[in-house]
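Peer 1: coords please:
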Amino acid sequence: MPSPLSPLTAPIRRWVLDAFPRSQSGIDYDRPMGDPGWFGPDSMTWRVHAELPSMLAGGLCALMLQTLHPRALAGVYDHSNFRDDLIGRLRRTTAFVAGTTYAPTAEVDALVARVRRIHTVVRGSVDGVPYAADEPALLTWVHVTEAYGFLQGFRRYGRAVPGPLADRYYDEYRRVAEALGATDVPRSEAQVAAYFARQQPQLRLDARAREVLQVLAEVRLPVPVPGLSRDVFLGAGAALLPDWASALLQRGAGERLRARASMRLLQGAAPLFRRALPDGLASRACARVGVDVAVLADWPQRAGDD
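Peer 2: Residues are numbered from 1 along each chain as shown. Just a heads-up that it's a prediction; the model follows:
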């Protein structure tokens, strides 16, 4: 018998599978059996990354933060077709994060190696200062903004995360950044806050940042649920920005009010996404290692616990 929520969950499912096609990555998330990948079901990473609404909003928050770093932004500005295919870029980033989180070990190794090869040819200069996509400091910036966005998105659109478990997430997930070549990657909330404070003097909203943000603002994804605004995810992502970033991005009172409205909309819609996608990547990864996806509803045990 169809669920009474089917009229809402069915279009969400279609929207997600159309927007983020599962065949795009070519990764087999179902085999080999027993392979936990880089993290596994006892990790905070599997839990934080399991919720699509929070990951999408968190990723958009990260993208907004990344525009403030001129040298980090230059790689995207000079070496991608973001003006014509921003959705494609977002899909590729989503596929990388999903793959490094849930794919079997060999698949993750291959993903990281491929991205490292791509980074070797992304070079240039901005304002006379050279940059390279494989520069450790730039890799650290991109990673920290993403990890921050994903964690804050999970807290806002998923559930509250105690401080020690937030620290555990940062400590776990830095493995991906370090594999790509990042160094001095923060491993706790306090270290992330201190890192952002150190970076702020070199951050700015320049002409390139404004152009990328304008392209982002003009992206209009199809609406998965009647009543949701077309830019609800962008607003929900903006609601995750730290105050200092909102100030640097010159977000006015009206923009902040709209972001809070988007936040409330997505908080109400998030449970529908869970119902619409019972066979998501987290479920498939759990099945691969022989555990029920319900284990992700509980916090992982501390090291040494029985």
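Peer 1: which stretches of the chain have low pLDDT?
Peer 2: Scanning the chain for pLDDT under 70 picks out 1-2, 220-230, 302-306.
Peer 1: so which residue is dead centre in it?
Peer 2: residue 59 (3.6 Å; C-alpha atoms, centre = their mean).
Peer 1: elements contacting the helix or strand encompassing residue 211?
Peer 2: Residue 211 is part of helix 207-218, with elements assigned from DSSP states H and E. With contacts taken as 3 or more C-beta pairs under 8 Å, 6 or more residues apart in numbering; DSSP states H and E, helix 207-218 sits against helix 52-66, helix 70-79, helix 82-102. Any C-beta I mention is one placed from the backbone N, CA and C, and that applies to glycine too.
Peer 1: and it, how far from the chain's centre?
Peer 2: 19 Å (C-alpha atoms, centre = their mean, to the nearest Å).
Peer 1: what are the boundaries of the helices in the chain?
Peer 2: Counting by DSSP state H, one finds helices in the chain at the ranges 6-19, 44-48, 52-66, 70-79, 82-102, 105-119, 136-157, 163-180, 189-199, 207-218, 232-238, 243-248, 253-276, 281-288.
Peer 1: for those, which one sits closest to residue 35?
Peer 2: helix 105-119 (5.6 Å; C-beta to C-beta).
Peer 1: about what we covered before: residue contacts, the residue nearest to the centre of the chain?
Peer 2: Applying C-beta atoms under 8 Å, 6 or more residues apart in numbering to residue 59 gives the contacts 90, 93, 94, 97, 146, 149, 150, 153, 237.
Peer 1: hmm, 6 Å instead?
Peer 2: Taking C-beta atoms under 6 Å, 6 or more residues apart in numbering, we find residue 59 in contact with no residue.
Peer 1: kindly report the same for residue 176.
Peer 2: Per C-beta under 6 Å, 6+ apart, neighbours of residue 176: residue 100.
Peer 1: report the separation between the closest residue to residue 62 other than its chain neighbours and residue 93.
Peer 2: Computed as C-beta to C-beta, 6 or more residues apart in numbering, the closest residue to residue 62 that is not its neighbour in sequence is residue 149, at 3.7 Å. Counting by C-beta to C-beta, to the nearest Å, the gap from residue 149 to residue 93 is 11 Å.
Peer 1: which of the two has more neighbours?
Peer 2: residue 149 (26 against 15; other C-beta atoms under 10 Å).
Peer 1: and that one, how far from residue 254?
Peer 2: Distance of residue 149 to residue 254, given as C-beta to C-beta: 23 Å.
Peer 1: and if you look at residue 239?
Peer 2: 14 Å.
Peer 1: okay, these two: which has more neighbours?
Peer 2: Between residue 239 and residue 254, residue 239 has the larger neighbour count (other C-beta under 10 Å), namely 24 against 8.
Peer 1: excluding sequence neighbours, find me the nearest residue to residue 87.
Peer 2: residue 219 (6.5 Å).
Peer 1: the one you found - how many residues pack around it?
Peer 2: By other C-beta under 10 Å, neighbour count at residue 219 equals 14.
Peer 1: just the CA atoms of the helix holding residue 211, as CSV, please.
Peer 2: Only the C-alpha atoms of helix 207-218 are listed here, as CSV (Å, rounded to 0.1, in the frame of the first residue of the first chain):
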residue,chain,number,x,y,z
ALA,A,207,35.2,41.4,-8.6
ARG,A,208,35.9,37.7,-9.3
ALA,A,209,34.1,36.6,-6.1
ARG,A,210,31.1,38.8,-7.0
GLU,A,211,30.9,37.3,-10.5
VAL,A,212,31.0,33.7,-9.2
LEU,A,213,28.4,34.5,-6.5
GLN,A,214,26.1,36.1,-9.2
VAL,A,215,26.4,33.0,-11.3
LEU,A,216,25.5,30.9,-8.2
ALA,A,217,22.5,33.2,-7.4
GLU,A,218,21.1,32.7,-10.9
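Peer 1: quick one: residues in contact with it.
Peer 2: So helix 207-218 is contacted by 67, 73, 77, 83, 86 (C-beta under 6 Å, 6+ apart).
Peer 1: of these, grab the buried ones for PyMOL.
Peer 2: Those of the contacts of helix 207-218 that count as buried under 16 or more other C-beta atoms under 10 Å are selected in PyMOL with:
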select buried, resi 67+73+77+86
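Peer 1: I'd like to know which of the contacts of helix 207-218 is nearest to residue 160.
Peer 2: residue 67 (28.8 Å).
Peer 1: give me the neighbour count for the nearest residue to that closest one once chain neighbours are set aside.
Peer 2: The shortest distance from residue 67 to any non-neighbouring residue, by C-beta to C-beta, 6+ apart, is to residue 209 (4.1 Å). Neighbour count of residue 209, defined by other C-beta under 10 Å: 21.
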